[in-house]
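Enquirer: compute the structure for the input listed below.
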Amino acid sequence: MDHLLNSIVRATQRSTDDLERRIARDLEVLNLPAANWPARKDGPDGRPATDVVVVGAGMNGIAAAAALLFKGVRHIRILERASAGREGPWRTFARMDTLRSPKTLPGPALGIPSLSFRAWYEASFGVEAWHDLYKIDNGDWVDYLSFLQRVLKLPVEHDTAVHAIKPVGGFLRVEIGSAAGDSVVFARRVLLATGRGGAGGDKIPDFIDATLWPDLAAHTNDFVDFNQLRGRSIGIVGGGASAWDNAATALEKGAGRVDMYVRRESLPQINKGRGSATPGYFHGWAALADSDKWGLSVYLNDVQAPPPHETVRRALRQPNFHIHLGKPVTRAFRQDAQAAVTIRGEETPRRHDFLIVGTGFQVDAAAIPEIAGLAPFVARWRDRYEPPEDLRRPGLGDFPYLGDGFELLERETGTCPDLSRIHLLNHGAALSHGAIASDIPGVNVAAERVAVAITKSLFREDIDVVRRDLEAFDEPELQDTPFFVQP
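Expert: Numbers count the residues shown, from 1 in each chain. Purely as a prediction, here's the structure:
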């Protein structure tokens, strides 16, 4: 048995080694990454400024950083708050068993087949395993992203948090905290690839008392010690996918009972987001008139997506799961040592030992820690577009109004000119660019768009130096011919 296991391990290692050689060959054939070309610019501290600081090393950060390197923007730093292998939500608060997306999506491969998830999976587990795979396991997805970090030689700095970004004289002052202490780096551009939660954090409705935290409540995106909830009664507010994931996880970990309260009389049936996951939407959304972007966003938000059928079945397998449709929670508060919820139309509150709030994320520039100080200068959709009465949705008005390259724009021209040096590649980009900066299907489109935009802006900014370099270029072409003229 040990001999067989060792043989399998060696065969797998050979396959992954072969894949790495194939990737190296593909990049060589494509002349990637290109040579560095942006001009050296010294920051206010007298040291060379970093051309681009990428905040976040999840799938969007990886894809955008690789796209920049491929274009010759190589003086970059990638700062990741989490430790290696813990980037993104997949090993923390994403409590589903598998990704929700089909396995056939290429991942952040940037058009190179050898960088795709399928290529990595087949090399790691075999072609038959790929054909037998239903959906991608969360852990496998993280391992694949870690592989991309390594094989692309991305300069990721883990356990490193960005506290604040401040414009200073044509640069961005990036304040950093890590185990080595606090430090400052000056950058020409900053790209916030901080996922769904990076646009404003958890959404906690006003009717839920904040004093329930931390002992009696958690958001679905918080750490939850389910082992401490064994045998306990848990209430869940909301019926979205993450609410179902948490219900199933709690019961699998031994919770005594889970009650889910859903305001709708029936669950949504059609995932319209999947219906809009096409190249037309990915490439065309940004070119739409504001009224069309708004109208589509209202439609997609109003219809909502149903929880995946796999997640529903997973929860229903547990005998102590109870769902209450048409039972909106109007108030959640502390009562004695329990969390009490009041249901519309009921006088007596229902009590639970713990409450899990599945109400999604908010979008609010003032709640993005890295740029909170700049929030008053940031243009939001409510500053640029007035929807018809029947399409007014206050939450949508809070989305930042972004430029063509995901850059923040000024609310009032001239108040913060360097704001456009910050690019928001997270869920906050959804209204301006569609769902390409927070979902797997559009990750390559978003990475290419932001990398092209930054490349263009750096080229414009560096044109004097680029022109001097061109004029100084003196590689003779006709040296070994009769027509060579000595310069």
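Enquirer: how is this structure divided into domains?
Expert: The chain breaks down by automatic domain parsing into domains covering 2-200+363-467, 210-269+306-357.
Enquirer: can you redo those domains as JSON lines with mean pLDDT, distance to Gly284 and mean neighbour count?
Expert: C-beta: built from backbone N, CA, C; applies to glycine. JSON lines is the format used below for those (pLDDT from 0 to 100; distance: least, C-beta to C-beta, whole Å; neighbours: other C-beta atoms under 10 Å):
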{"stretch": "domain 2-200+363-467", "mean pLDDT": "94", "distance to Gly284": "8", "mean neighbour count": "18"}
{"stretch": "domain 210-269+306-357", "mean pLDDT": "96", "distance to Gly284": "25", "mean neighbour count": "18"}
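Enquirer: now those as CSV including distance to Leu300?
Expert: Compiled in CSV, the domains of the chain are given as follows (distance: least, C-beta to C-beta, whole Å):
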stretch, distance to Leu300
domain 2-200+363-467, 8
domain 210-269+306-357, 11
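Enquirer: for those domains, which one sits closest to Gln486?
Expert: Nearest to Gln486 among these is domain 2-200+363-467; the distance by C-beta to C-beta comes to 25.1 Å.
Enquirer: what's the closest of the domains of the chain to Trp285?
Expert: Among the domains of the chain, domain 2-200+363-467 comes nearest to Trp285, with 3.3 Å by C-beta to C-beta.
Enquirer: so who does the closest residue to Val450 other than its chain neighbours touch?
Expert: Spatial nearest neighbour of Val450, excluding adjacent residues (C-beta to C-beta, 6 or more residues apart in numbering): Phe406 at 5.0 Å. Phe406 is in contact with 191, 423-425, 429, 432-433, 437, 446, 449-450, 453, counting by C-beta atoms under 8 Å, 6 or more residues apart in numbering.
Enquirer: switch the cut-off to 7 Å
Expert: With contact taken as C-beta atoms under 7 Å, 6 or more residues apart in numbering, Phe406 is in contact with 423-425, 429, 433, 450, 453.
Enquirer: next, it: phi, psi?
Expert: Phe406 adopts backbone torsions of phi 70, psi 10, taken as degrees, to the nearest 10.
Enquirer: how close does it get to Leu191?
Expert: Separation of Phe406 from Leu191 (C-beta to C-beta, to the nearest Å): 8 Å.
Enquirer: hey, what's in contact with both of the two?
Expert: Common contact partners of Phe406 and Leu191 (C-beta under 7 Å, 6+ apart): 423, 425, 450.
Enquirer: now for the last one: which residues touch it?
Expert: When contacts are counted by C-beta under 7 Å, 6+ apart, Val450 touches 64, 191, 405-406, 423, 425.
Enquirer: the strands in the stretch 251-400 of the chain, which residues?
Expert: For the stretch 251-400 of the chain, the strands defined by DSSP state E, counting those that start in this stretch cover 257-262, 321-325, 329-335, 338-343, 350-352, 354-357.
Enquirer: could these be laid out in a markdown table, adding distance to Ala34?
Expert: Below are the strands of the stretch 251-400 of the chain laid out as a markdown table (distance: least, C-beta to C-beta, whole Å):
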| stretch | distance to Ala34 |
| --- | --- |
| strand 257-262 | 52 |
| strand 321-325 | 54 |
| strand 329-335 | 54 |
| strand 338-343 | 56 |
| strand 350-352 | 57 |
| strand 354-357 | 47 |
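Enquirer: just say helix, strand or coil for Asp182.
Expert: strand (DSSP: H, G, I helix; E, B strand; the rest coil).
Enquirer: look up which residues are beta-bridged to it.
Expert: Beta-bridge partners for Asp182, by DSSP bridges, are Gly177.
Enquirer: next: Arg331.
Expert: Under the criterion used here (DSSP bridges), Arg331 is bridged to Thr342.
Enquirer: quick one: it and Val341, what's the gap?
Expert: Applying C-beta to C-beta to Arg331 and Val341 gives a distance of 7 Å.
Enquirer: and for Pro476?
Expert: Distance of Pro476 to Val341, given as C-beta to C-beta: 80 Å.
Enquirer: and for Asp398?
Expert: Asp398 sits 27 Å away from Val341, going by C-beta to C-beta.
Enquirer: over to Gly111?
Expert: 49 Å.
Enquirer: try Phe186
Expert: Separation of Phe186 from Val341 (C-beta to C-beta) stands at 49 Å.
Enquirer: cool, Ala430 as well?
Expert: Noted for Ala430: a distance of 30 Å to Val341, by C-beta to C-beta.
Enquirer: re earlier: please narrow the contacts of Val450 to those residing in strands.
Expert: Under the assignment DSSP state E, these contribute 191, 423, 425 to strands.
Enquirer: ok, the last one - contacts?
Expert: When contacts are counted by C-beta under 7 Å, 6+ apart, Leu425 is found next to 60, 64, 191-193, 406, 437, 446, 450.
Enquirer: understood, closing this out.
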